[in-house]
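In: predicted structure and sequence below. I'll ask about it afterward.
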Amino acid sequence: MHSILIFAWGNPSRGDDALGPLFVERIQALFPDDAGIECLTDFQLQVEHALDLQDRQVVLFVDASASGEAPFSLERLEAREDASFTSHALSPQSVLHVYRELQDADPPPSWLLGIRGHGFELGAPLSPEAGANLDEAVDWFRAWRASRA
């Protein structure tokens with residue numbers, strides 16, 4: 001089993017909302033043979049994604065951020081039931097909460113990497129500012145991965 005799960009979400013058709021899936025593409029290109037990393041993407045987080053957390057040492061959730069710090073922010077996550085728990089799109093904290101409920105165990109240590117985006121219009125390309133922020137987030141991950149090896 002892969003020890004690191006990178007779970008990114010976003011809509012590639014909405015400009016900078018593509019930052020999460022683009023991050024995954026970059027990581028897969030940089031670490032194609034790293035058996036310790038698994039990457040998943042989706043348009044939004046769902047209840048079923050709690051099952052993807054099983055047997056992981058660490059989980060990195062990755063999403064575009066419309067109001068976070070540039071180039072990116074990193075936040076330690078705790079399992080928490082919130083208003084998204086009963087909706088069709090969950091927060092990362094709710095995914096961790098579902099994991100806890102299903103497994104009767106604490107979820108793996110998890111973080112949210114919020115890459116700062118600027119334009120989220122349908123059909124828009126990735127903005128130059130978001131592209132630069134993506135580069136810095138990928139550089140951070142490369143250094144973080146090297147420190148775990």
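Out: It's in.
In: in the protein, which spans are helices?
Out: Under the criterion DSSP state H, the chain contains helices at 19-30, 92-103, 128-148.
In: could I get those helices as TSV with distance to residue 121?
Out: To be clear about C-beta, it is placed using only N, CA and C from the backbone, and glycine gets the same treatment. As requested, these are exported to TSV (distance: least, Cβ to Cβ, whole Å):
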stretch	distance to residue 121
helix 19-30	14
helix 92-103	25
helix 128-148	12
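In: for residue 113, which of the ones you listed is the nearest?
Out: Closest to residue 113 of these, according to Cβ to Cβ: helix 128-148, at 6.2 Å.
In: for that closest one, the distance to its chain's centre please.
Out: Distance of helix 128-148 from the chain centroid (Cα atoms, centre = their mean, to the nearest Å) equals 13 Å.
In: okay, the angle between it and helix 19-30?
Out: 50 degrees (axes from the mean of the first three to the mean of the last three Cα atoms, to 10 degrees).
In: mean confidence (pLDDT) on helix 128-148, please.
Out: Mean pLDDT, helix 128-148: 96.
In: helices and strands around it, which ones?
Out: helix 19-30, strand 58-65, strand 72-77, strand 110-116 (3 or more Cβ pairs under 8 Å, 6 or more residues apart in numbering; DSSP states H and E).
In: in PDB, list the C-alpha atoms belonging to stretch 52-72.
Out: What follows is stretch 52-72, C-alpha atoms only, in PDB (Å, rounded to 0.1, in the frame of the first residue of the first chain):
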ATOM      1  CA  ASP A  52      -9.200   5.900   0.300                       C
ATOM      2  CA  LEU A  53      -7.600   6.900   3.600                       C
ATOM      3  CA  GLN A  54      -7.200   3.300   4.800                       C
ATOM      4  CA  ASP A  55      -3.600   2.100   5.500                       C
ATOM      5  CA  ARG A  56      -2.000   5.500   4.800                       C
ATOM      6  CA  GLN A  57       0.700   7.000   6.800                       C
ATOM      7  CA  VAL A  58      -0.100  10.600   5.700                       C
ATOM      8  CA  VAL A  59      -2.700  12.300   3.500                       C
ATOM      9  CA  LEU A  60      -2.200  15.500   1.600                       C
ATOM     10  CA  PHE A  61      -5.500  17.100   0.400                       C
ATOM     11  CA  VAL A  62      -4.800  19.700  -2.400                       C
ATOM     12  CA  ASP A  63      -7.200  22.300  -3.600                       C
ATOM     13  CA  ALA A  64      -7.200  25.800  -5.100                       C
ATOM     14  CA  SER A  65      -7.700  28.600  -2.700                       C
ATOM     15  CA  ALA A  66      -9.500  31.800  -3.700                       C
ATOM     16  CA  SER A  67      -8.600  33.700  -0.600                       C
ATOM     17  CA  GLY A  68      -5.600  32.000   1.100                       C
ATOM     18  CA  GLU A  69      -2.000  33.100   1.300                       C
ATOM     19  CA  ALA A  70       0.100  33.200  -1.800                       C
ATOM     20  CA  PRO A  71       1.800  31.100  -3.000                       C
ATOM     21  CA  PHE A  72       0.100  28.400  -0.900                       C
END
